[in-house]
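Undergrad: could you work out the structure for the sequence below:
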Amino acid sequence: MVREILLLGDPKLYQVSLPVEKEEIGTLKGVVQDLHDTLLDFRQKYEAGRAIAAPQIGVFKRLIYMHIDEPVVFINPELQFEDEEMMEVLDDCMSFPGLLVRVKRYKRCTIRFKDLDFRDNELILEGDLSELLQHEYDHLDGILATMRAIDDKALYYKKP
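TA: Have a look, this model is predicted:
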């Protein structure tokens with residue numbers, strides 16, 4: 001089911017999400033389907049969208065859904081940064097379509113997470129995927145890209 005995406009200014013977006021317990025996996029399958037449907041609906045409307053965090057649809061659990069070539073579900077993700085190399089990017093967000101925010105993100109990261117079978121997984125990410133997962137991970141901690149803007153002139157409106 002396509003869910004409403006919480007928009008910039010909604011105080012719930014600043015809420016810290018709770019870890020997923022193993023016993024909750026069965027109830028998460030519906031949430032994952034909703035994340036999938038909501039992401040694809042957004043992609044159709046805006047021609048953008050590669051991942052979505054559960055808090056963006058009002059589910060305050062540490063869950064990220066990414067769909068680029070194939071779906072990947074990140075449960076209770078943890079990020080680790082191997083070095084200090086940063087990159088400057090224009091970050092967009094489904095919670096504020098049309099707004100770009102200039103931020104700095106780590107160029108590389110490792111993400112450790114559980115899958116839908118609650119098995120441990122690890123991916124090493126670089127470049128745009130590193131940026132993407134850092135962005136989505138921030139949502140789990142109630143942090144928006146606007147809060148990471150590099151200065152007070154780092155917001156840009158993208159014409160439709």
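
Undergrad: now for the nearest residue to Val89 once chain neighbours are set aside, how many residues are close by?
TA: In space, Val89 comes closest to Glu131 once its chain neighbours are excluded; the distance is 5.2 Å by CB to CB, 6 or more residues apart in numbering. Heads up, the C-betas are built off the backbone N, CA and C, glycines and all. The local packing count at Glu131 equals 21, with neighbours defined by other CB atoms under 10 Å.

Undergrad: give me the secondary structure label for Glu131.
TA: Local secondary structure at Glu131 is given as helix here, using DSSP: H, G, I helix; E, B strand; the rest coil.

Undergrad: could I get the contacting residues of it?
TA: When contacts are counted by CB atoms under 8 Å, 6 or more residues apart in numbering, Glu131 touches 87, 89, 91, 105.

Undergrad: okay, and the beta partners of the second one?
TA: Per DSSP bridges, the residues bridged to Val89 are Val103.

Undergrad: please, where are all the helices along this protein?
TA: Taking DSSP state H, the helices of the chain run over residues 25-46, 128-140.

Undergrad: distance to Phe96 and mean pLDDT added to these, as a markdown table?
TA: Below are the helices of the chain laid out as a markdown table (distance: least, CB to CB, whole Å; pLDDT from 0 to 100):
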| stretch | distance to Phe96 | mean pLDDT |
| --- | --- | --- |
| helix 25-46 | 11 | 96 |
| helix 128-140 | 12 | 98 |
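
Undergrad: which stretch among these comes nearest Leu116?
TA: Leu116 lies closest, by CB to CB, to one member of the helices of the chain: helix 25-46, at 6.5 Å.

Undergrad: same for the closest one, what does it pack against?
TA: Counting contacts by 3 or more CB pairs under 8 Å, 6 or more residues apart in numbering; DSSP states H and E, helix 25-46 packs against strand 51-53, strand 63-67, strand 71-80.

Undergrad: buried stuff in stretch 14-25?
TA: Of the residues in stretch 14-25, those scored as buried under the neighbour-count criterion (16 or more other CB atoms under 10 Å) are 15, 17, 20, 25.
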